[in-house]
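# Output the structure for:
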Amino acid sequence: MIRLVLADTNALISMLCFPSGKPTLASEVFQASLEDDLELLIADVVAQELRNVVRRDFAAFEASLETFLERFTNLELPAPSEALLYRSRALCQDPNDVTIAAAAVQCAELHGVEYLLTNDFQNFHTPEMKAFLLEHEMVPVSLYGLLRLLGKRP
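Below you'll find the model as predicted:
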């Protein structure tokens, strides 16, 4: 079974707020997790960012948010070291993603997670970020790339 840590709040919003209707890559990944094809993990910093976004932009879904989050393996992580934050800060185009990058590394180190699931190509799929994550035996994968890895896409 593939274990992935989620870093993409947009994908999570899609899974929570738009689960029916025309299938999206995010809904297909979520369905694969429900079918036990993979285990989706979510770090506490990502869960908190999701709570903030839902509260601010999708208030109608706030009541179902905690039940939604229970479908994931939730990881409470210790505060990242200053050195890890420094390296993450140097690589992230978006300062809001620094703690998410640090959390991804912690998930690799503390929980053996090998994949970081994100469609944020600007921050997490750059050659520099890929090299940094690879130092921690982690690889970023997009929603489409994950579906290919699972054999659900050509």
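
# Show me what the strand or helix carrying residue 41 is in contact with.
Using DSSP states H and E, residue 41 sits within strand 38-43. For strand 38-43, contacts defined as CB atoms under 8 Å, 6 or more residues apart in numbering pick out 1-7, 12, 29-30, 32-33, 50, 69, 71-75, 77, 100, 103-104, 106-107, 111, 113, 117, 146, 150. (C-beta placed from N, C-alpha, C; glycine too.)

# distance between it and the chain's centre?
Distance of strand 38-43 from the chain centroid (CA atoms, centre = their mean, to the nearest Å) equals 8 Å.

# tell me the contacts of residue 108?
Neighbour list for residue 108: 114, 133, 136-138 [criterion: CB under 8 Å, 6+ apart].

# Quick check on those: which are buried?
The neighbour-count criterion (16 or more other CB atoms under 10 Å) marks 114, 133, 136, 138 among these as buried.

# ok, those residues vs residue 154, which is closest?
Of all the buried ones among the contacts of residue 108, residue 154 sits closest to residue 114, with 22.9 Å by CB to CB.

# right, and the closest one touches residue 137 too?
Yes. Residue 114 lies in contact with residue 137 (CB atoms under 8 Å); the separation is 6.4 Å.
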